[in-house]
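**Q** One predicted model, sequence on top.
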Amino acid sequence: MKLIVFLFILLVLVFQLNSDGLLPIGSGTENDPYQVANLENLLWFSSNANSWNNNFIQIENIDATDTKNWNNGEGFIPIGNPDSLIFSGSYNGQNYTIANLYINRPDSSCQAFLGYMENAIIQNVNFTNSEINGLSRVGSIVGICASSSIIDSCYSSGVVSGSNMIGGLVGFTVDESYVSNCFNACTVVGNIDIGGLSGILLNANIYNCYNLGEVNGFETIGGLIGKSISGSEIKNCYNGGFINGNQSIGGLIGINYSSSEIIKCFNEGNVEGIGANIGGLVGSNSIYSDINNCFNSGSISGNSNVGGLIGSNSSYSIISNCFNYGLVIGNSNTGGIVASNSASINNSFWDIETSGQLTSSGGTGKTTSEMKNIATYTELSTEGLSNPWDFVGNPCDDIENYDFWNIDEIMNNSYPYLTWQSLTHYTPEAPYNVIIAYSTFTITITWEYFSEAALFKVYSSSTPYGIFIEDATGIFFNKTWYSPIYDDKKFFYVTATN
C-alpha cells in the first residue's frame, strides 16, 4: 500500500513538472525576485500567467533545445499576449544566456519570448540560436513592446520569420517604449514592415543599438527598422547586415515619416532592392522627418529612385550634415545623396568617384580627396557648406564643442566618422578594488581601474535584485564618487567605459 501511494505521489510530481514546470526560488517581489535557473523554471513562468506582473532574475545559462518538442511541435508559449494577460513585470537576465529557444506558430501573432509587455522591462539577456516563426508582431525577445516598456542590454542570434511587423529583437515597439544598448545577429525574414531590430517603431525610441543580421522582405524593409513613425527617434545606431527587398528599402529604415528623427547613425551594409525608393539610410523619408549627422558607406542598388542616403525625400523633411561614399546603382532616377527630393538637403556631400554618381537631387558632389579633407566640412568657403560641422578640436570655422565628428587615417577609410564609433573598438575591464563607505550624510565609492578606461558610471538600486539606474546625484573626482545618502539607494555598482 505504501508503495502504491509513493508511486502515485511520484506520478503527480512528474505530471506537475511537465505541465506547469518547476516553481523558481523566490516570491517575485522586487526584494525577492523569482530566480530562474533552468528550463523547468521558464516553463513555470510561461504557464503561470498570474506571475506576469512579478520580478524575475536569471541565475544560470539555460539550454532551451527541448522547447522544440513542446506543445505538439509549436514550442515555447510566449509570456504575455493581447487576448488575456500581458507581461508587466521585470526580467533581468544578469548577462546569462537562453539558447535554442523554439517557437513555430505561423498562424499566430505576438510570438516571442515575451509576447506582449506593457510598463515592463527586460534587460541583460542573451538569446542565442533562437528559431522564432509567427504571423505578425514577431521577434526573438518581444512581440509587442508597449506603454513605456524598456528593452536594454540584450542580444539575439538565430532566425526570426513571419509575415508583417517582424524584427530581430521586437516586432512592434510603441507608446514611448525604448530599446537601448542591444544588438541583433538574427536573420530576419518577412513580407512587410521588417527590421533588424524592430518591424515598426511608433512614438518610440532606439538608442545605441546595431544590427549585423541579414534582413529580407518585400516592402518597407530596414536594417534597423521597417517603418519608423509618429515622433520616433533613432540615435547612435548602425547597420552592418545585408538588406534585401522590393521597394521602400533602407540601410537603416524602410519608411521614415511623421516627425521621426535619425541622429548620428550610419549604414555600412549593402542594400539591394528590385523596385523603387531604395536608400543607404532610408528608402522613403517624409512629413517633417529630419536626418542629421549620418552617413552611408554600403553599396546601394535598385530599379528607380535609388539614392546614396535617401531614395525619396519630401514634405518638409530636412537632411543636414550627412554624406555618402557608397556605390549607387539603378536603372532610372539615381543620386549620390538622394534620387527624388522636394524638401531640404543642407551641408551634405557625396563622393562622385566612389559612388559612381555625378548628380543628386540635393547635396554637393566632391572628389574622394575632398571628401577626406576636414576643410570640406568646416571651412565656410567650401561650396555647399553654409554651417561648419562640429568636429573634435574645432578646426577651421567650427566653433561648436559637442564634437559629433572626427577624422583620421585609421577610422572609416579616412572619411569622417562619428566620435561614438571610436568608443566601440574595445570594452575596458571592470573597475576593481571597489570600496563603498558611509558617513553621516554622504556615501563615498572608490575604485582602481585599468589604463584603457576613460569614463565611469555609477548605478544604484534600492534592492540587490532590483533595477539599477545610472545615478546622476553624485560627483566624480578622479577614482572617487561622492553622493548624499538617499533611502531608496542602498546598492551600487561601477562600470568603466571608453
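**A** Good, I have the coordinates.

**Q** tell me the domain boundaries of this protein?
**A** With automatic domain parsing serving as the domain definition, the record reports that the chain contains domains spanning 57-378, 432-497.

**Q** most tightly surrounded among the ones you listed?
**A** Ranked by mean neighbour count, those are led by domain 57-378 with a mean of 24 (mean count of other Cβ atoms under 10 Å). To be clear about C-beta, it is placed using only N, CA and C from the backbone, and glycine gets the same treatment.

**Q** State the mean pLDDT of it.
**A** This predicted structure assigns domain 57-378 an average pLDDT of 97.

**Q** which phi and psi does Ile59 have?
**A** According to degrees, to the nearest 10, the main-chain angles of Ile59 amount to phi -120, psi 0.

**Q** Report the contact partners of it.
**A** For Ile59, the contact set (Cβ atoms under 8 Å, 6 or more residues apart in numbering) comprises Gln35, Val36, Ala37, Gln94, Tyr96.

**Q** if we go to 6 Å?
**A** Taking Cβ atoms under 6 Å, 6 or more residues apart in numbering, we find Ile59 in contact with Gln35, Ala37.

**Q** all helices of the stretch 251-400 of the chain, in order?
**A** Counting by DSSP state H, counting those that start in this stretch, residue ranges of the helices within the stretch 251-400 of the chain are 368-371, 375-378.

**Q** which residues does the nearest residue to Ile150 once chain neighbours are set aside bridge with?
**A** The spatially closest residue to Ile150, leaving aside those adjacent along the chain, is Ile121, at 4.3 Å (Cβ to Cβ, 6 or more residues apart in numbering). Ile121 has these beta-bridge partners by DSSP bridges: Ser90, Ile150.

**Q** how close does Ile121 sit to Asn72?
**A** Taken as Cβ to Cβ, to the nearest Å, the spacing of Ile121 relative to Asn72 amounts to 32 Å.

**Q** what do you get for Asn346?
**A** 58 Å.

**Q** Check Thr473 too.
**A** According to Cβ to Cβ, Thr473 and Asn72 sit 53 Å apart.

**Q** Ok, Gly335 next?
**A** Using Cβ to Cβ, we find Gly335 at a distance of 53 Å from Asn72.

**Q** now Tyr91
**A** The spacing between Tyr91 and Asn72, counted by Cβ to Cβ, is 27 Å.

**Q** Contact partners for Trp52?
**A** Applying Cβ under 6 Å, 6+ apart to Trp52 gives the contacts Gly80, Leu85, Phe87.

**Q** Just give the closest residue to the first one, not the sequence neighbours.
**A** Okay, so that is Gly80. Counting by Cβ to Cβ, 6+ apart, the nearest residue to Gly80 once its immediate chain neighbours are dropped is Phe87, at 3.4 Å.

**Q** Could you do the second one as well?
**A** Ranked by Cβ to Cβ, 6+ apart and with sequence neighbours excluded, the top spatial neighbour of Leu85 is Ala49, at 4.4 Å.

**Q** and the one you found, how many neighbours?
**A** Ala49 is surrounded by 15 other residues when neighbours are defined as other Cβ atoms under 10 Å.

**Q** same question, Glu383
**A** Other residues within reach of Glu383, judged by other Cβ under 10 Å, total 10.

**Q** gap between the two ends of stretch 412-431?
**A** Terminal residues of stretch 412-431 lie 30 Å apart, using Cα to Cα, to the nearest Å.

**Q** of all the helices of the stretch 251-400 of the chain, which lies closest to Ile25?
**A** Judged by Cβ to Cβ, the one of those that comes nearest to Ile25 is helix 375-378, at 57.3 Å.

**Q** Report the mean confidence score over stretch 457-474.
**A** 75.

**Q** which residues sit against it?
**A** With contact meaning Cβ under 6 Å, 6+ apart, stretch 457-474 is reached by 30-31, 33, 57, 481-483, 488-495.

**Q** Can you give the distance of it from its chain's centre?
**A** 22 Å (Cα atoms, centre = their mean, to the nearest Å).

**Q** now swap in stretch 113-122 and tell me
**A** A distance of 16 Å separates the centroid of the chain from that of stretch 113-122, by Cα atoms, centre = their mean.

**Q** What of stretch 55-63?
**A** Taking the mean of its C-alpha atoms, stretch 55-63 sits 22 Å from the chain's own mean (Cα atoms, centre = their mean).

**Q** what's the answer for stretch 26-45, then?
**A** 26 Å.

**Q** what's the answer for stretch 240-250, then?
**A** Mean-position distance between stretch 240-250 and its chain equals 17 Å (Cα atoms, centre = their mean).

**Q** Now do that stretch: everything it contacts.
**A** Here stretch 240-250 has contacts from 196, 211-223, 254-255, 268-279, 281-284, using Cβ under 6 Å, 6+ apart.

**Q** And it, end to end?
**A** With Cα to Cα as the measure, the first residue of stretch 240-250 is 12 Å from its last.

**Q** Check stretch 432-445 too.
**A** Distance between the two ends of stretch 432-445: 12 Å, counting by Cα to Cα.

**Q** same deal with stretch 191-205?
**A** Using Cα to Cα, the end-to-end distance of stretch 191-205 comes to 23 Å.

**Q** so the closest residue to Ile249 other than its chain neighbours bridges to which residues?
**A** Leaving out its chain neighbours, the residue that sits closest to Ile249 by Cβ to Cβ, 6+ apart is Gly273, at 3.9 Å. The residues listed as beta-bridge partners of Gly273 by DSSP bridges are Gly245.

**Q** any idea how far Gly273 lies from Leu281?
**A** Distance of Gly273 to Leu281, computed by Cβ to Cβ: 14 Å.

**Q** now the domains of the chain as a markdown table including distance to Ser386?
**A** Output for those, formatted as a markdown table (distance: least, Cβ to Cβ, whole Å):
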| stretch | distance to Ser386 |
| --- | --- |
| domain 57-378 | 6 |
| domain 432-497 | 34 |
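
**Q** Backbone dihedrals for the residue nearest to Leu85, both of them.
**A** Here Ala49 shows phi and psi, under degrees, to the nearest 10, equal to phi -60, psi -30.

**Q** All good on my end, thank you.
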